[in-house]
Every structure is written in structure tokens, then in C-alpha cells.
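**Q** let's see this in three dimensions:
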Amino acid sequence: MKKILRHVVVPLLILALNMQIVFATDSNEYKIMARGGDAKAMFELGVLYEEGIGIVQNYVQAHMWYNISSSLGYVKARKARDAIAGKMTKEQVAKAQEYALNWKPSQDSKTLAGGEKEEGKIFGNNRETEKNGDIAGVKALLKLDVDSKKKDQNEISGLLSGNSTEAFKDMEFVFIKGGCFDMGDVFEEGGVDESPVHRVCVDDFYMGKTEVTQKQWIDVMGYNPSRFKGGNDLPVERVSWNKVQEFIKILNQKAGVSFRLPTETEWEYAARNGGKKEKWAGTSSESELGEYAWHRGNSNARTHPAGEKMPNGLGLYDMTGNVWEWCSDWYDKGYYKNSPGNNPKGPLNGSFRVIRGGSWLSRSSRLRTMYRGSYSPNSKKYSNIGFRLVRTP
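**A** Prediction:
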């Protein structure tokens with residue numbers, strides 16, 4: 001009996017726990033993106049709620065997310081909403097509709113529509129997983145940037161006292177020769193916001209070889225906002241788009257160089273090795289993805305030092321995975337229909353800024369070089385969002 005327990009039951013339990021963590025990782029990332037207004041993430045979150053995968057099954061929440069996603073133009077969501085309504089009572093449907101009507105994109109709020117606390121639901125309310133499980137990264141998942149009570153105590157005024165010139169010296173840039181390419185869903189497997197595929201051109205630019213590191217941020221800003229600490233070369237995270245602008249302004253003043261965030265077009269052009277038909281940065285083969293990217297399957301639920309994986313064809317590291325990267329553009333799901341052909345800079349206004357590249361928390365479909373994410377420019381609480389810099393020659 002002991003042998004059976006040791007060689008059969010225990011391995012099966014460990015496998016089940018691992019699978020639970022994988023699905024919980026999905027639900028947590030989808031919650032993050034759905035709360036920020038990502039229609040595709042809303043649909044995927046609805047699927048998890050409907051099926052009870054890595055999360056407590058809840059038809060009301062599923063219907064709500066399908067409904068909101070449908071209202072944002074995601075066609076699959078409308079069909080799923082109508083289908084799940086047949087499994088629900090009239091009262092449940094009415095409640096889900098009420099939640100959907102009252103829903104607003106997250107502006108650093110800590111609860112989902114319908115009053116569901118994000119923390120504590122990740123493993124279906126089983127917080128004992130954190131206490132008893134010995135799988136690294138569970139604690140990081142359970143506490144993923146939802147602890148509003150632990151704000152950084154090191155964020156103080158007098159930011160210009162930082163050693164910005166040292167940060168500049170530490171940064172390496174790669175020259176990206178401009179050109180034209182077909183931007184968007186060239187593999188025909190993405191969402192509506194990745195279409196239509198359209199021809200665009202970009203001028204020459206320089207792009208950071210890696211994402212901005214914690215040391216570089218500290219040199220400029222004087223504090224470290226990141227959740228995952230333990231090395232100077234870890235990418236900085238938990239930084240809002242607005243705070244990144246402050247970082248850039250101070251760095252430019254000190255270094256005398258005009259840095260900025262990449263446009264969404266520049267980012268995709270560089271990630272795809274100069275606009276080539278490349279699904280992930282460095283490869284189009286999913287079996288090779290782990291050689292180029294830290295993602296949900298190999299990250300151990302945390303960030304890793306910049307530049308440890310293989311670079312893409314232009315010599316850029318971590319364009320896929322590790323942390324999402326802010327772009328300068330406002331997000332508009334229909335922008336590709338009216339995008340200029342030369343050096344597009346995105347819409348003139350909006351509610352969310354573009355993020356690209358996926359993170360240590362992402363599955364392969366969200367790591368694609370064509371995938372478009374977005375989030376509130378004010379939000380700084382998520383440990384899977386960072387950035388890299390560019391400059392014009």
C-alpha cells in the first residue's frame with residue numbers, strides 16, 4: 001500500500017496541483033486584462049468561470065464577462081453568452097446583466113464586478129494551497145499585485161537626485177533599420193483588433209536590447225517599485241505608463257538624450273525581426289518558444305534577469321515574455337482599419353495604453369508578436385508589466 005501511495009497516488013496529486021496552478025495562472029492573468037478592458041481576455045475569463053477551470057464555477061460571472069466582451073465587439077462572446085443563458089435561471093441572468101451594466105474598467109480598484117475579491121479566488125478559495133503546497137511561485141500568484149495595503153514606502157519626492165547618467169551608461173541599444181511590413185494577424189489566428197492586416201512603414205530607430213532593469217530604474221528614480229526583487233538585472237515592474245513618462249523625462253534631462261517608449265508599430269516591427277512573418281520574437285515554432293521567452297510554462301511564476309533567453313534576429317532580448325511592455329499609443333480595437341501607412345502613432349486619445357509581448361504569466365497565444373493588450377495608464381500594481389526604451393537616430 002505504501003508503494004502504491006508513493007509511486008501512484010502522490011505523483012497524481014502533485015500533477016493535479018501543478019495543473020491547478022497552470023489554470024489558476026490563466027484565470028489570474030485574464031482577470032488582470034479583463035478588468036483593464038481587454039475583450040478577448042473577458043471572453044477567456046468567461047470560459048474559465050463557465051467550466052470552473054482553476055476558479056470557482058460561476059455562471060453569473062461567466063455570463064457577465066461574455067456580455068461585456070460581446071458589447072465590445074468580440075463575436076464569440078455573444079454566442080457563448082446566449083448559450084450559457086440556457087443553463088441559468090431568470091434571476092441569475094438578470095443579476096449578470098445588472099453586473100454587466102454597472103461594470104467599469106479598472107482604475108486600480110481591488111474588486112471585480114459583482115463584488116468578487118480577486119485575491120483568495122485564485123485557487124477556488126482554497127488558500128491552504130499556499131500553506132501546504134511546496135511548488136515555487138504559488139505565493140506570488142496568490143498575492144499578485146492586489147495588496148493595496150502595502151504601497152511602496154520608498155517612493156518619495158526629490159527624484160532628480162537619482163544617478164540618471166549611470167542608468168544611461170548601463171543601457172545598450174540596437175539599431176533597427178526602418179522598412180515596411182504587413183502589420184497584424186498574418187497567421188489568421190488572432191482577435192478582431194489584430195485585423196485587418198495592413199501595410200505600414202517605420203523610420204530607423206534604436207531600441208533597448210533589454211527591458212529596463214530595476215537598477216536602471218533605481219539610478220533614475222531612487223526607489224524600486226518591483227514586487228520581484230533579488231537582482232539588479234531583473235526587469236522593473238509595477239510601473240504605470242504615467243510613471244514611465246516621469247522616468248523618461250528625468251532620464252532625458254540628466255543624460256541629454258531623447259528617449260521615449262516605442263510606438264506599437266515600431267514594437268511589432270522590431271519583435272518580428274524587421275517585420276518578418278514571425279509568430280513569437282525569435283521563432284514561429286511553439287516547441288522552441290521556451291528558448292526565447294519566460295512564460296507561464298517555465299517562469300516558476302516570477303520574472304527573470306533580462307537577457308537570459310535567446311534574442312530574436314535583431315539581437316533584442318525578451319521581446320516575448322518576462323514582462324509586458326508599455327507602448328506609447330492609446331489603444332483602439334478598430335485602429336488598424338484607419339491606420340496611416342507611415343510611422344503610425346496610434347489614436348489621438350483613449351482610455352487605455354497599449355501593452356505588448358506577454359509576460360512570465362502568459363500562455364503562448366498571448367505571447368504572439370501580433371497580440372495587442374491594453375491597460376489603464378494609471379495602474380502600477382501589476383508585476384507583469386514593464387517597458388523598454390527607444391530613441392530616434
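
**Q** got phi/psi on the nearest residue to Tyr375 once chain neighbours are set aside?
**A** The shortest distance from Tyr375 to any non-neighbouring residue, by Cβ to Cβ, 6 or more residues apart in numbering, is to Gly36 (4.1 Å). Quick note: C-beta positions are derived from backbone N, CA and C, even for glycine. Torsion angles at Gly36 (phi, psi; degrees, to the nearest 10) stand at phi -90, psi 0.

**Q** and Gly36, what does it touch?
**A** Residues near Gly36 by Cβ atoms under 8 Å, 6 or more residues apart in numbering: Pro105, Ser106, Phe352, Ser374, Tyr375, Ser376, Ser379.

**Q** format these as TSV; extra columns: secondary structure and distance to Ser359.
**A** TSV is the format used below for those (DSSP: H, G, I helix; E, B strand; the rest coil; distance: Cβ to Cβ, whole Å):
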residue	secondary structure	distance to Ser359
Pro105	coil	20
Ser106	coil	17
Phe352	coil	17
Ser374	strand	14
Tyr375	strand	12
Ser376	coil	17
Ser379	coil	14
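
**Q** my read: Glu291 touches Pro311, true?
**A** No: applying Cβ atoms under 8 Å as the test, Glu291 and Pro311 come out as separate, 10.6 Å apart.

**Q** now list whatever residues contact both of the two.
**A** Contact criterion Cβ under 8 Å, 6+ apart; residues shared by Glu291 and Pro311: Gly282.

**Q** between those two, which one's more packed in?
**A** For Glu291 versus Pro311, the count of surrounding residues by other Cβ atoms under 10 Å is larger for Pro311: 18 against 12.

**Q** give me the element that one is part of.
**A** Using DSSP states H and E, Pro311 sits in no helix or strand.

**Q** mind listing what it touches?
**A** Pro311 makes contacts with Lys209, Gly282, Tyr292, Tyr317, as judged by Cβ under 8 Å, 6+ apart.

**Q** out of the residues you listed, which is nearest to Gln61?
**A** Nearest to Gln61 among the contacts of Pro311 is Tyr292, at 34.8 Å by Cβ to Cβ.

**Q** tell me the pLDDT of that closest one.
**A** If you check Tyr292, the pLDDT there is 98.

**Q** number of residues surrounding Gly52?
**A** Other residues lying near Gly52 total 14 when counted by other Cβ under 10 Å.

**Q** list phi and psi for it.
**A** For Gly52, the backbone dihedrals (degrees, to the nearest 10) come out as phi 70, psi 40.

**Q** how close does it sit to Lys31?
**A** Per Cβ to Cβ, to the nearest Å, Gly52 is found 15 Å from Lys31.

**Q** can you give me the buried ones in stretch 285-304?
**A** Residues of stretch 285-304 classed as buried by neighbour count (16 or more other Cβ atoms under 10 Å): Leu289, Gly290, Tyr292, Ala293, Trp294, His295, Arg296, Ser299, Ala301, Arg302, Thr303, His304.

**Q** start and end of that stretch, how far apart?
**A** Using Cα to Cα, to the nearest Å, one end of stretch 285-304 lies 22 Å from the other.

**Q** then stretch 375-382?
**A** Its first and final residues considered, stretch 375-382 spans 10 Å by Cα to Cα.

**Q** with stretch 330-344 instead?
**A** End-to-end distance of stretch 330-344 (Cα to Cα): 11 Å.

**Q** neighbouring contacts of it?
**A** Here stretch 330-344 makes contact (Cβ under 8 Å, 6+ apart) with 37, 39, 72-73, 183-184, 192-196, 198-203, 263-265, 329, 346-354, 372, 374.

**Q** could you list which of the residues you listed belong to helices?
**A** Ala39, Glu264, Thr265 (DSSP state H).

**Q** element containing the nearest residue to the last one once chain neighbours are set aside?
**A** It refers to Thr265. Closest residue to Thr265 apart from its sequence neighbours, by Cβ to Cβ, 6+ apart: Pro344 at 4.8 Å. Pro344 belongs to no helix or strand when elements are defined using DSSP H and E.

**Q** any idea how far Pro344 lies from Ser364?
**A** Where Ser364 is concerned, Pro344 sits at a distance of 27 Å (Cβ to Cβ).

**Q** mind listing what the longest strand along the chain pairs with, with the direction of each?
**A** Across the chain, the strand with the greatest residue count (assigned by DSSP state E) is strand 324-330. Sheet pairing for strand 324-330, assigned by DSSP bridges, gives strand 353-356 (antiparallel), strand 385-386 (parallel).

**Q** a markdown table for those, including mean neighbour count, distance to Gly321 and mean pLDDT?
**A** Listed next are the strands paired with strand 324-330 as a markdown table, based on neighbours: other Cβ atoms under 10 Å; distance: least, Cβ to Cβ, whole Å; pLDDT from 0 to 100:
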| stretch | mean neighbour count | distance to Gly321 | mean pLDDT |
| --- | --- | --- | --- |
| strand 353-356 | 26 | 11 | 97 |
| strand 385-386 | 28 | 11 | 96 |
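
**Q** quick one: low-confidence ranges for this structure?
**A** Judged by pLDDT under 70, the chain has its weakly predicted residues at 1-27, 54, 106-168.

**Q** these two touch, right, Tyr206 and Val390?
**A** Yes: Tyr206 sits in contact with Val390 when judged by Cβ under 8 Å, with a separation of 6.2 Å.

**Q** overlap in contacts, the two.
**A** Taking Cβ under 8 Å, 6+ apart as the contact rule, Tyr206 and Val390 both touch Phe173.
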